[in-house]
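K.L.:
Provided below for reference: sequence and predicted model.
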Amino acid sequence: MEEIAINIVIADRSYKLTVARADEEKVRKAAALINERVKSYSKHYAFKDAQDLLSMTALQFATSTVKYESELAFRDQNLEQKLHELDSLLSEHMITVL
């Protein structure tokens, strides 16, 4: 896996990172999303410094992650249940056909 050094700016601070070349676009997109959210919060909420904006942004992204993980777990559980039901139906059908 080839790694490259990139420079990312988040909330007007520059960060030098080493990332896999394949992940560069994802990291840049993530930084852009953070910056968009920080900018949005700065327009709509009172804040003392960038730390407040970054904290609100982190909370928003963490909440989204928890929500999507919960939804994914629910879907996986339902999918597994449906697959078992389908397997049972097919097994019953195979028994009656044979």
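P.N.:
Cool, the structure landed.
K.L.:
measure residue 27 to residue 17 for me?
P.N.:
7 Å (C-beta to C-beta, to the nearest Å). C-beta here means a position set from N, CA and C on the backbone, and glycine is covered the same way.
K.L.:
Check residue 71 too.
P.N.:
30 Å.
K.L.:
between these two, which one's more packed in?
P.N.:
residue 17 (14 against 10; other C-beta atoms under 10 Å).
K.L.:
Using the three-state scheme, assign the more buried one.
P.N.:
Secondary structure, DSSP: H, G, I helix; E, B strand; the rest coil: residue 17 is strand.
K.L.:
does it really touch residue 4, like I thought?
P.N.:
No: using C-beta atoms under 8 Å, residue 17 is not in contact with residue 4, being 9.2 Å away.
K.L.:
shared neighbours, residue 27 and residue 17?
P.N.:
Common contacts of residue 27 and residue 17 (C-beta atoms under 8 Å, 6 or more residues apart in numbering): 6, 8.
K.L.:
low pLDDT regions in this structure?
P.N.:
98 (pLDDT under 70).
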